[in-house]
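S.K.: Quick one, what's the 3D model for this:
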Amino acid sequence: MRGILSNRVGRGAGISIICVYNNLEKLDRYLIPSLEKQTAAFELLAIDNTAGKHMSAPAILNQTAKKATYEYLMFVHQDVSLCSKTWLADAQRDMRFLPRLGAAGVAGRNVIGLFAAVRHGIPPKKINRKRFFCPIRVQTIDGCLMIIPKKIFKAVLFDEKVIKGWYLYSVNFCLDLLRLGYRSYVLPRRIYHESTGPKDRSRWHPTMQEIIEKHCDHVREIYTTLGIWET
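M.R.: Numbering: from 1, shown residues only. Reported below is the predicted structural model:
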């Protein structure tokens, strides 16, 4: 694990930020500079995977979350930049009174459509043009950035059996939450995400089939930022 970047580290209110990186240059270009400007308390737990030691997201994220000290866990990609110095503070304020909060993010989908506070790619483009100014309830959240109350994550971890790689762990987690009566939300807090996703989108289809088999007993359709699947 890389050295921990922090701002007023201590137990209690704040966000523990967990990031697995395989490209140090991107981590230093995007995520870290945007964190260094933040006004709210946080710690960054950055896991070096440049050598490809870790083979799947759930195992290393579950393991690292045990070391977190703050009340919220933010799982985020290396090439994400927060677009405001008050981003962490604003996100915590957004989440404070959300009913049955299980997870929050910046992109997700529900039966109405896709909601995202994200620009991505080079040059930056909006993912969609739906404007919203308050948290929106969705079925699932994109894994580029996902915030979970620590007390929730202690009870519901990322599924290491169903998710064997790096895709769709956030989708499966949101469906696990839904089964238990918790809700997922997209926050109106803008980020930039350099990646536009893998070019070979067939690589996540086997994992999606595993998710469908797991959750077909309680959802008829699965709404994700990657598309909609019938169960």
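S.K.: By mean pLDDT, point me to the weakest helix or strand of the protein.
M.R.: In the chain, the helix or strand scored least confidently by mean pLDDT, DSSP states H and E is strand 5-7, which has a mean of 63.
S.K.: where do the helices sit along the chain?
M.R.: 24-26, 32-36, 57-65, 87-95, 150-155, 169-179, 205-215 (DSSP state H).
S.K.: So which elements touch the fifth one?
M.R.: The elements that helix 150-155 packs onto, with contact taken as 3 or more CB pairs under 8 Å, 6 or more residues apart in numbering; DSSP states H and E, are strand 70-76, strand 101-105. Heads up, the C-betas are built off the backbone N, CA and C, glycines and all.
S.K.: May I see the buried residues of that helix?
M.R.: Ile152, Phe153 (16 or more other CB atoms under 10 Å).
S.K.: center of the protein - which residue?
M.R.: The chain has Met146 as the residue nearest its centroid, 2.2 Å off, counting by CA atoms, centre = their mean.
S.K.: Can you tell me the strand partners of the longest strand anywhere in the chain and which way each runs?
M.R.: Longest strand of the chain, by residue count under DSSP state E: strand 12-21. Note on strand 12-21: by DSSP bridges, its sheet partners are strand 42-48 (parallel), strand 70-76 (parallel).
S.K.: Now do the last one: distance to the chain's middle.
M.R.: For strand 70-76, the distance from its own C-alpha centre to the chain's C-alpha centre is 9 Å (CA atoms, centre = their mean, to the nearest Å).
S.K.: Just the CA atoms of stretch 156-174, as CSV, please.
M.R.: Output of stretch 156-174 as CSV, limited to C-alpha atoms (Å, rounded to 0.1, in the frame of the first residue of the first chain):
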residue,chain,number,x,y,z
VAL,A,156,-22.7,-6.3,3.4
LEU,A,157,-19.3,-6.8,1.7
PHE,A,158,-18.5,-7.0,-2.0
ASP,A,159,-19.3,-10.5,-3.2
GLU,A,160,-16.0,-12.3,-3.9
LYS,A,161,-17.7,-15.4,-5.2
VAL,A,162,-19.9,-13.9,-7.9
ILE,A,163,-17.5,-11.1,-8.9
LYS,A,164,-14.1,-12.6,-9.9
GLY,A,165,-12.6,-9.7,-11.8
TRP,A,166,-12.8,-5.9,-11.9
TYR,A,167,-16.3,-5.3,-13.4
LEU,A,168,-19.8,-4.9,-12.0
TYR,A,169,-19.0,-5.3,-8.3
SER,A,170,-20.9,-2.1,-7.6
VAL,A,171,-23.9,-3.4,-9.6
ASN,A,172,-24.0,-6.6,-7.6
PHE,A,173,-23.5,-4.7,-4.3
CYS,A,174,-26.4,-2.4,-5.0
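S.K.: That stretch: which residues count as buried?
M.R.: Buried-residue list, stretch 156-174, by 16+ other CB under 10 Å: 156-160, 162-164, 166-174.
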